[in-house]
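**Q** Dropping a prediction and its sequence here:
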2 protein chains.
Amino acid sequence: MNAAADALTILKTRSLSGVLEREIEQAILNGEIAPGRRVNENLLATRFGTSRGPVREALRALEGLGLVELIPNRGVFIRQPAIEEAIEIYDVRSVLFGLAGKTLAGRATEAQIAQLCDYLEQMEAAARDRDFDRYYPLNLAFHEFIIDACGNATLAAQYRGLVKKLHLFRARSLVQGGGLEVSNSEHRAMVEAIAARDPERAQHAHAEHVARAKARLLAAHQRAAGEAQRTN
Amino acid sequence: MNAAADALTILKTRSLSGVLEREIEQAILNGEIAPGRRVNENLLATRFGTSRGPVREALRALEGLGLVELIPNRGVFIRQPAIEEAIEIYDVRSVLFGLAGKTLAGRATEAQIAQLCDYLEQMEAAARDRDFDRYYPLNLAFHEFIIDACGNATLAAQYRGLVKKLHLFRARSLVQGGGLEVSNSEHRAMVEAIAARDPERAQHAHAEHVARAKARLLAAHQRAAGEAQRTN
DNA sequence: TGATCGAAAACTGTTGACAGTTTGCGATCG
DNA sequence: CGATCGCAAACTGTCAACAGTTTTCGATCA
């Protein structure tokens, strides 16, 4: 995002408190403030050069996003979802992404399909080179593109909210346990269904893609838990 | 909810600002403050006997729920979703409810199935008597029961948020265009699939139920729009 | 009579201060 | 030496006031 667009965003979202919300959200998602830890309102206020009022408003908004939890008289804490919640989120995300695929299959333009194919080729090239640093942003953009292109803003907002919460679980690398090629074959199935304008098949392929990501996370988590037990 | 549980809720949600959030949300959903109108912070503050700080925090939380919109230097406005957004919401709600049905079919206890059958019989009785006042709360409880029983708290939270937004659209009566019997036959299909412990069929029946509600809303809306045009 | 301009009122955004609670630490006692 | 009690510091929850913007309303002019 360029400076002009950023300035516009600042004005649009309600100057101080809106900016703070984004800044604090970034700080949380970047892991600057670790999950489970308490957030100090004064510290944030002095850090951003404001008073506590806007900080509190921003935190209240972040509570709505499910990123923090407010405990009376004790303050706000960064949420740390249990594995059970991560599973719940994946299940919901799966049907949402399925809906995105189904919708897009029914309304994709030729240009959009070409764009999807382009992403696919770039990701396959990155996978061949084992270039994860190149692969990761492509993968992100690919999924974002689908969510946006399906044209359902409500769906997009819900989906993004879930992904943010999942970031708190901080297991991004674990999910790539199956390797880049596995993911890519799933991506190919998704794009083919959309290109064939087959909503049913697209829905299934998209939902299945997330379901398999969930399975990979689960397997990695249990593997990690087993190792932790052996270490004890 | 009794007084004790209410007091507990008050303490749990952060006394003032949490209570305000619920109160204001109720005021909005009851239609006390009409969609599109601006909310006056001072008025709310004096009405609840507090200062503006907690009111602003509560409004900020409601923004996260999508019930109000904040416009810089102009205040918060009650959102009034367009028909397009209502359609989006129904589509998302459909897959969420489908997931609830699928999940519940895979884990329903005998007691839960019995409860569902009970709801079904009561609703059919109410429908036979054309007793809409008895039917409506039953219908609500039936759907709530399914959402809760499926055991996915994330799903339940998302679903409830969507339903709240839909309340802003204020077309509850329109949706009952098909009559009580039509809804009930769909309900029966849902319960039968759950009782048969058939996740696939349950998912489809549940998703279809919401999809048909969407179609009923759409038909009613276009009928209303046509009449408005004829009046002009 | 209608439109335009300007000032006053109303309201939002933000701040600093105060009250009440929680937490951490040191002293005291078993 | 360990546990418990009490005090002080830190922090949250709330409030009232101030600054800046928007809106309203009346006066002026074409």
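**A** Sure, I can see it. Here the structure is a predicted model, which is why all the values come from computation and not from measurement. Residues are numbered from 1 along each chain as shown, chains lettered A, B, ... in the order given.
**Q** contacts for the one helix or strand A:Arg22 maps to?
**A** Using DSSP states H and E, A:Arg22 sits within helix A:15-29. The contact list for helix A:15-29 (CB atoms under 8 Å, 6 or more residues apart in numbering or on different chains) reads A:10, A:12-13, A:33, A:39, A:44, A:48, A:50, A:54-55, A:57-59, A:61-62, A:65, A:67-68, A:78, A:164, A:167-168, B:60, B:70, B:72. C-betas here are computed from N, CA, C, even on glycine.
**Q** Do any residues in it lie close to DNA strand C?
**A** Yes. Residues of helix A:15-29 contacting DNA strand C under CB under 7 Å from any atom of the strand: A:Ser15, A:Leu16, A:Ser17.
**Q** Whether that helix contacts DNA strand D - can you check?
**A** No. Helix A:15-29 does not reach DNA strand D (CB under 7 Å from any atom of the strand); its nearest approach is 9.5 Å.
**Q** The helix or strand just after that helix near DNA strand D at all?
**A** Using DSSP H and E, the next helix or strand after helix A:15-29 towards the C-terminus is strand A:38-39. Yes. Strand A:38-39 comes into contact with DNA strand D (CB under 7 Å from any atom of the strand), by way of A:Arg38, A:Val39.
**Q** hey, which helix is longest across chain A?
**A** For chain A, the helix with the greatest residue count under DSSP state H is helix A:199-231.
**Q** Remind me what that helix packs against, helices and strands.
**A** When contacts are defined as 3 or more CB pairs under 8 Å, 6 or more residues apart in numbering or on different chains; DSSP states H and E, helix A:199-231 packs onto helix A:83-105, helix A:172-175, helix A:180-195.
**Q** follow-up on the earlier one: buried ones only from the residues of helix A:15-29 next to DNA strand C, please, as a PyMOL command.
**A** A single PyMOL command selects the buried members of these (16 or more other CB atoms under 10 Å in any protein chain shown):
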select buried, chain A and resi 16+17
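**Q** just for chain A, where's the confidence low?
**A** A:1-13, A:171-178, A:226-232 (pLDDT under 70).
**Q** tell me, what residue is most central in it?
**A** Among the residues of chain A, the one closest to the centroid is A:Val163, at 2.7 Å (CA atoms, centre = their mean).
**Q** Touching, that residue and A:Tyr90? I think so.
**A** No. Using CB atoms under 8 Å, A:Val163 is not in contact with A:Tyr90; the gap is 10.6 Å.
**Q** Helix or strand for the closest residue to chain B within chain A, just tell me which one.
**A** Closest approach between chain A and chain B, counting by CB to the nearest CB: A:Gly64, at 2.3 Å. Assigned by DSSP H and E, A:Gly64 belongs to helix A:52-65.
**Q** Could you tell me the angle between that helix and helix A:15-29?
**A** Counting by axes from the mean of the first three to the mean of the last three CA atoms, to 10 degrees, helix A:52-65 lies at 50 degrees to helix A:15-29.
**Q** Which helix or strand lies directly C-terminal to helix A:52-65?
**A** Immediately after helix A:52-65, counting by DSSP H and E, sits strand A:68-71.
**Q** and that following strand, which strands flank it?
**A** strand A:75-78 (antiparallel) (DSSP bridges).
**Q** Contacts for the partner strand next, please.
**A** Under CB under 8 Å, 6+ apart, the answer for strand A:75-78 is A:28, A:33-41, A:59, A:62-63, A:67-71, A:168.
**Q** Is that strand positioned near DNA strand D?
**A** Yes. Against DNA strand D, strand A:75-78 shows contacts by CB under 7 Å from any atom of the strand at A:Gly75.
**Q** Do any residues in that strand lie close to DNA strand C?
**A** No. Judged by CB under 7 Å from any atom of the strand, strand A:75-78 and DNA strand C are separated, with a smallest distance of 8.4 Å.
**Q** So which bits of chain A are right by DNA strand D?
**A** So far as CB under 7 Å from any atom of the strand goes, chain A lies against DNA strand D at A:38-43, A:52-53, A:56, A:70, A:72-75.
**Q** How many residues are close by the closest residue to A:Ala105 other than its chain neighbours?
**A** The shortest distance from A:Ala105 to any non-neighbouring residue, by CB to CB, 6 or more residues apart in numbering or on different chains, is to A:Ala202 (3.7 Å). Look at A:Ala202: counted by other CB atoms under 10 Å in any protein chain shown, it has 29 neighbours.
**Q** A:Ala202 contacts A:Arg107, correct?
**A** No. Between A:Ala202 and A:Arg107 there is no contact under CB under 8 Å: 11.1 Å.
**Q** dump the residue contacts of A:Glu181.
**A** A:Glu181 makes contacts with A:Ala127, as judged by CB under 8 Å, 6+ apart.
**Q** distance of it from A:Met123?
**A** For A:Glu181, the distance to A:Met123 (CB to CB, to the nearest Å) stands at 10 Å.
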